[in-house]
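> here's my sequence, what's the structure:
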Amino acid sequence: MKNLNYTKLLRVPKLISLVLLIFWSCNQKQTIVFPEEEWEITSSERQGVDGYKMMEALQVLNGYCHEDGLEEVMVIRNGKVIYYGDGINCVHNIWSCRKSITSTILSLLIEEGKCHLNDKASIFEPRLKASYEKVTLRLL
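Residues are numbered from 1 along each chain as shown. Have a look, this model is predicted:
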């Protein structure tokens, strides 16, 4: 089974370059999975996703993409990569899209009970304490 370096993927912050299709079941609670150092790569079928339907959805997405197409797209299910393009390690500036990504990740962590909006940001990044001691996650 191949693995992708998680640290490198954190530097791939273009909205189109990191598309997370989250497939949630409406009738059961699921645990959110985050990789430690690497993303495990597996087949869509092993994660309960119809590969044909996923590829149909990706082709629709491709119709809205510019010249890069699906090269910088990644699909994750249950914390495992089920699709990735050849250009996922490209680095881009995403400007204000960081806010959407930060709020999505923060919401997932709050839902799992791993943090709260009133927690100080310096608890999670001690280097912030010197200059931003009063900043809470709510302010991020």
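> please make it C-alpha for all contacts and neighbour counts, starting now.
OK.
> show residues contacting stretch 50-59.
Around stretch 50-59, the neighbours that count as contacts under C-alpha atoms under 8 Å, 6 or more residues apart in numbering are 44-45, 70.
> buried subset of these, written for PyMOL?
Here is the PyMOL command that selects the buried residues among those (16 or more other C-alpha atoms under 10 Å):
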select buried, resi 44+70
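> between the contacts of stretch 50-59, which is nearest Leu128?
Leu70 (36.8 Å; C-alpha to C-alpha).
> I figured the closest one hits Tyr83, correct?
No - at 10.0 Å, Leu70 and Tyr83 do not qualify as touching, with contact defined as C-alpha atoms under 8 Å.
> quick one: mean pLDDT for the helix or strand Arg98 falls within?
Element membership for Arg98 (DSSP states H and E) is helix 97-111. If you average the pLDDT over helix 97-111, you get 86.
> and it, what's buried?
In helix 97-111, counting by 16+ other C-alpha under 10 Å, buried: Leu106.
> give me the distance from it to the chain's centre.
A distance of 9 Å separates the centroid of the chain from that of helix 97-111, by C-alpha atoms, centre = their mean, to the nearest Å.
> hey, C-alpha coordinates of it in PDB?
Below are the C-alpha coordinates for helix 97-111, written out as PDB (Å, rounded to 0.1, in the frame of the first residue of the first chain):
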ATOM      1  CA  CYS A  97      -9.600  30.400   1.300                       C
ATOM      2  CA  ARG A  98      -7.500  29.600   4.400                       C
ATOM      3  CA  LYS A  99     -10.400  30.900   6.500                       C
ATOM      4  CA  SER A 100     -12.800  28.300   5.000                       C
ATOM      5  CA  ILE A 101     -10.300  25.500   5.500                       C
ATOM      6  CA  THR A 102      -9.400  26.600   9.100                       C
ATOM      7  CA  SER A 103     -13.100  26.900  10.100                       C
ATOM      8  CA  THR A 104     -13.900  23.500   8.600                       C
ATOM      9  CA  ILE A 105     -11.000  21.800  10.400                       C
ATOM     10  CA  LEU A 106     -11.800  23.600  13.700                       C
ATOM     11  CA  SER A 107     -15.500  22.500  13.400                       C
ATOM     12  CA  LEU A 108     -14.500  18.900  13.000                       C
ATOM     13  CA  LEU A 109     -12.100  19.100  16.000                       C
ATOM     14  CA  ILE A 110     -14.800  20.700  18.200                       C
ATOM     15  CA  GLU A 111     -17.400  18.000  17.100                       C
END
